[in-house]
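> Would you be able to build a 3D model of this:
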Amino acid sequence: MAQRLAERGQDHIVATGITPSGEFHIGHLREILTGDMIVRAARKAGLKAQLVFVVDNADPLRKVYPFLSDAYQAFIGHQLGSIPAPDNDGHPDWKRFETEGRSYADHFLEPFLEALAQIGVHPTLLPNLDAYQSGKFAASTKRACDDPAAIREIIERVSGRELPESWFPWQPLDSQGSLDGVSVTGYEYPLVHWTDAHGVEGSSDITKGEGKLPWRLDWPAKWGFNGITCEPFGKDHGAAGGSYDTGKEIARFFGHEPPLPLTYEWISLRGQGAMSSSTGNTVGPIEALALVPPEILRFLIANSKPNKAIEFDTGMGLVNLADEFERWSARDLEAELSDASLSRRQRVQLEDSAAALALASPDIEKAVSATSVSFRHLALLAQIKTSDAEVWASLAASHNVEDPTDELRDRLRRMRTWIDSTHFPEEMRITVLSTPSKQALEALSPELRPVIKHLHVALSDHPWTNEGITAAFKFAAESSQTSMRQLYRTCYAVFMGQERGPRLGPILANCDRTTMLDLTLACSQMV
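Numbering: from 1, shown residues only. Predicted coordinates:
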């Protein structure tokens, strides 16, 4: 994309845009991070590039969403930038609206901007309602209203759908401030005359933004006055006959060229389908950033081709993603790429991964680096060790981490939040007993109960390390003439009160030796 932009000149504005109808979600990050990554690539190629974020706060409230009170029924059809934000109970917060001007759009935009700052994205905001009210849409609107037949012909021919006979390229605000239920009765520049559902007649001044253009005109109009040269957008807009196809022709009708497009696939929640702000099927950026560092969220986008759908999984999928990030960031890709014997396929894979890592860094001036501790091991320690100091002591012994970095401290903080949330995968939850589970011990067969004494003796005689504990398990199995499978079944009953679980060696090595030996002794005395 940077190469294609270079063919069009040196100065570029890359746009992203979202309607703030509800909570922003991870799916929205794909659009704005794609734009951010295009800007980074363009700057790396020597171009001047700027990222802008069009806030579509001139769009109307379409319905009373589940997170809103019935009081918002009165605001259906009203522009999101001109109605009050909901309070904690979903009721209109009139006090803040009247004293601070805090709108519905602001309410949902603010936490998204906070998340963007954390992931290193700092766009220039372009509120669409302000653009209408300041007259920036006036020239394009005049062209459309002067020749509605030409606009109609483009939309019907390109999209393949027939517009209603009453259709007009301007949606006036009615007597109550709504865009719904308004019939256009005439046009004399700069006024569009109308009758609303209440029987009131009036006129809308297009130079003052007393209404808005329909989406298929709104989009190409703002390409022009904002000077947009590139814009990523979802596959719905990029479909044949979609809003980009009609927008290209309408942009030229308005007198400017359309931006270079980049169509991306959506992000869905594993097992729940596409994310939607209006339905509440979302994981918000702030919520996600409480679980994982920003570079891993950026890596999620950077490591996927734009035309590849992403299934976001806050459970094991996130663990696997984080571990993949750690594996790649721990490698010296520059040195590997200097190997002349690489096949073309190997070289492309390494180049793609190096680019993804570079784009994953929230700080463009600072490369990402490995923490030397996998997500899985940190998850284990965060569950077994109650204090951070105990975690650092364990890592000092096992990973030679004498002085944990700020990145590692930050990762542990997020890990503890993740463990306490409903998103943490059940298969990674660790519960180590301090007293015997009578139920689990009674569930053991009579043949396995004597094995516990052998286990206690073996663990007492071996070093309290991952390797030593694993050797003790083998010794206990041999001395009791039990298979390793049955030995582990016994161990899970003793240490976790269950039939199976994660690898016990690393877990027990990070538990207090005396406490665990007291547990095995108590269990052996009970059976």
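> buried residues in the host helix or strand of residue 296?
With the criterion set as DSSP states H and E, the secondary-structure element containing residue 296 is helix 294-302. Residues of helix 294-302 classed as buried: 294-302 (neighbour count, 16 or more other Cβ atoms under 10 Å). For the C-beta atoms, the positions are set from N, CA and C on the backbone; glycine is no exception.
> Kindly report the same for stretch 490-500.
Across stretch 490-500, burial judged by 16+ other Cβ under 10 Å covers 490-497.
> go on, stretch 443-452?
444, 448-449, 451-452.
> pretty sure residue 49 is in contact with residue 35, am I right?
No - Residue 49 sits out of contact with residue 35 when judged by Cβ atoms under 8 Å, with a separation of 9.9 Å.
> More neighbours: which of these two?
Counted by other Cβ atoms under 10 Å, residue 49 and residue 35 do not tie: residue 35 has more neighbours, with 25 against 22.
> Mind checking what secondary structure residue 469 has?
Three-state call for residue 469 (DSSP: H, G, I helix; E, B strand; the rest coil): helix.
> Please list all residues in contact with it.
With contacts defined as Cβ atoms under 8 Å, 6 or more residues apart in numbering, residue 469 is in contact with 459, 462, 504-505, 508-509.
> List just the nearest of these to residue 440.
residue 504 (14.3 Å; Cβ to Cβ).
> and the closest residue to that closest one other than its chain neighbours, what helix or strand is that in?
Nearest-residue entry for residue 504: residue 491, 5.6 Å, with adjacent residues in sequence omitted and distances by Cβ to Cβ, 6 or more residues apart in numbering. Counting by DSSP H and E, the secondary-structure element that holds residue 491 is helix 484-495.
> now residue 393: how far from residue 387?
Applying Cβ to Cβ, to the nearest Å, the value for residue 393 to residue 387 is 9 Å.
> if you count what's nearby, which of the two comes out ahead?
Comparing residue 393 with residue 387 by neighbour count (other Cβ under 10 Å), the higher total belongs to residue 393, at 15 against 8.
> helices or strands next to the helix or strand where the more buried one lies in the packing?
With elements taken from DSSP H and E, the one containing residue 393 is helix 388-398. When contacts are defined as 3 or more Cβ pairs under 8 Å, 6 or more residues apart in numbering; DSSP states H and E, helix 388-398 sits against helix 375-384, helix 406-420.
> tell me the angle the shortest one makes with helix 294-302.
Read that as helix 375-384. Between helix 375-384 and helix 294-302, the angle formed by their directions is 140 degrees, by axes from the mean of the first three to the mean of the last three Cα atoms, to 10 degrees.
> mean confidence score for helix 375-384?
When pLDDT is averaged along helix 375-384, the result is 92.
> quick one: contacts of that helix?
Where contact means Cβ under 8 Å, 6+ apart, the residues beyond helix 375-384 that reach it are 319, 322-323, 326, 391, 394-395, 411-412, 415-416, 418-419, 424, 428-430, 432, 502, 506-507, 510-511.
> Pull out the buried residues from that helix.
In terms of neighbour count (16+ other Cβ under 10 Å), helix 375-384 has its buried residues at 375-384.
> Just the closest of these to residue 361, please.
Of all the buried residues of helix 375-384, residue 375 has the smallest distance to residue 361: 18.1 Å, by Cβ to Cβ.
> Could you find the closest non-adjacent residue to the closest one?
In space, residue 375 comes closest to residue 322 once its chain neighbours are excluded; the distance is 3.9 Å by Cβ to Cβ, 6+ apart.
> and the one you found, how many residues sit next to it?
Here the number of neighbours of residue 322 (other Cβ under 10 Å) works out to 24.
> Ramachandran coordinates for it?
Backbone torsions of residue 322, given as degrees, to the nearest 10, read phi -60, psi -40.
> what's it in contact with, if anything?
The neighbours of residue 322, taking Cβ under 8 Å, 6+ apart as the test, are 292, 296, 375.
> wait, isn't the first one in contact with residue 410?
Just to be clear, that refers to residue 292. No - with contacts defined as Cβ under 8 Å, residue 292 does not count as touching residue 410, sitting 10.3 Å away.
> Quick check, pLDDT for the residue nearest to residue 443 when sequence neighbours are not counted.
Nearest non-adjacent residue to residue 443, counting by Cβ to Cβ, 6+ apart: residue 493, 6.8 Å away. Residue 493 carries a pLDDT value of 97.
> how near is residue 493 to residue 113?
Taken as Cβ to Cβ, the spacing of residue 493 relative to residue 113 amounts to 51 Å.
> Check residue 467 too.
Relative to residue 113, and taking Cβ to Cβ, residue 467 is found at 49 Å.
> pLDDT weak spots in this structure?
Low-confidence segments of the chain, defined by pLDDT under 70, are located at 271-282.
> so where do the strands sit in it?
11-18, 48-55, 124-127, 171-172, 183-188, 191-195, 201-205, 211-212, 230-234, 260-264, 267-269, 273-274, 310-312 (DSSP state E).
> ok, residues contacting the third one?
Spelled out, that is strand 124-127. The list of residues contacting strand 124-127 from outside it, by Cβ under 8 Å, 6+ apart, reads 50-55, 57, 81, 105, 113, 222, 226.
> how does it look with 6 Å?
The list of residues contacting strand 124-127 from outside it, by Cβ atoms under 6 Å, 6 or more residues apart in numbering, reads 52-55, 57.
> now, the most widely separated pair of these?
Greatest spacing in the contacts of strand 124-127, by Cβ to Cβ: 52 and 57 (14.5 Å).
> Give the residue from these two that has the larger number of neighbours.
In terms of neighbours (other Cβ under 10 Å), residue 57 is the more surrounded of residue 52 and residue 57; the figures are 25 against 20.
> List the residues that contact the more buried one.
The neighbourhood of residue 57, defined by Cβ under 6 Å, 6+ apart, consists of 80-81, 105, 127-129.
> quick one: it from residue 30, how far?
Separation of residue 57 from residue 30 (Cβ to Cβ): 21 Å.
> How about residue 306?
In this structure, residue 306 lies at 8 Å from residue 30, with Cβ to Cβ as the measure.
> and if you look at residue 141?
Spatial separation of residue 141 from residue 30 under the definition Cβ to Cβ is 31 Å.
> Tell me which of the two has more neighbours.
Shown here are residue 141 and residue 30; by other Cβ under 10 Å, residue 141 has more neighbours (27 against 24).
> Wait, the more buried one touches residue 207, no?
No - with the criterion set as Cβ atoms under 6 Å, residue 141 and residue 207 do not qualify as a contacting pair; they are 8.2 Å apart.
> pull the longest helix from the protein.
With secondary structure taken from DSSP state H, the chain has its longest helix at helix 26-44.
> got the angle between it and strand 11-18?
Going by the same axes, to 10 degrees, helix 26-44 is angled at 180 degrees with respect to strand 11-18.
> CA atoms only: put helix 26-44 into CSV for me.
Output for helix 26-44, consisting of C-alpha atoms alone and laid out as CSV, is shown next (Å, rounded to 0.1, in the frame of the first residue of the first chain):
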residue,chain,number,x,y,z
ILE,A,26,-11.7,-5.3,19.3
GLY,A,27,-13.2,-5.5,15.8
HIS,A,28,-12.9,-1.7,15.5
LEU,A,29,-9.2,-2.0,16.3
ARG,A,30,-8.7,-3.8,13.1
GLU,A,31,-9.7,-0.8,11.1
ILE,A,32,-7.8,1.8,13.0
LEU,A,33,-4.7,-0.4,13.5
THR,A,34,-4.7,-1.2,9.8
GLY,A,35,-4.7,2.6,9.1
ASP,A,36,-2.0,3.1,11.6
MET,A,37,0.2,0.4,10.1
ILE,A,38,-0.3,1.9,6.6
VAL,A,39,0.9,5.3,7.9
ARG,A,40,4.0,3.7,9.5
ALA,A,41,4.8,1.9,6.3
ALA,A,42,4.3,5.1,4.3
ARG,A,43,6.6,7.1,6.6
LYS,A,44,9.2,4.3,6.5
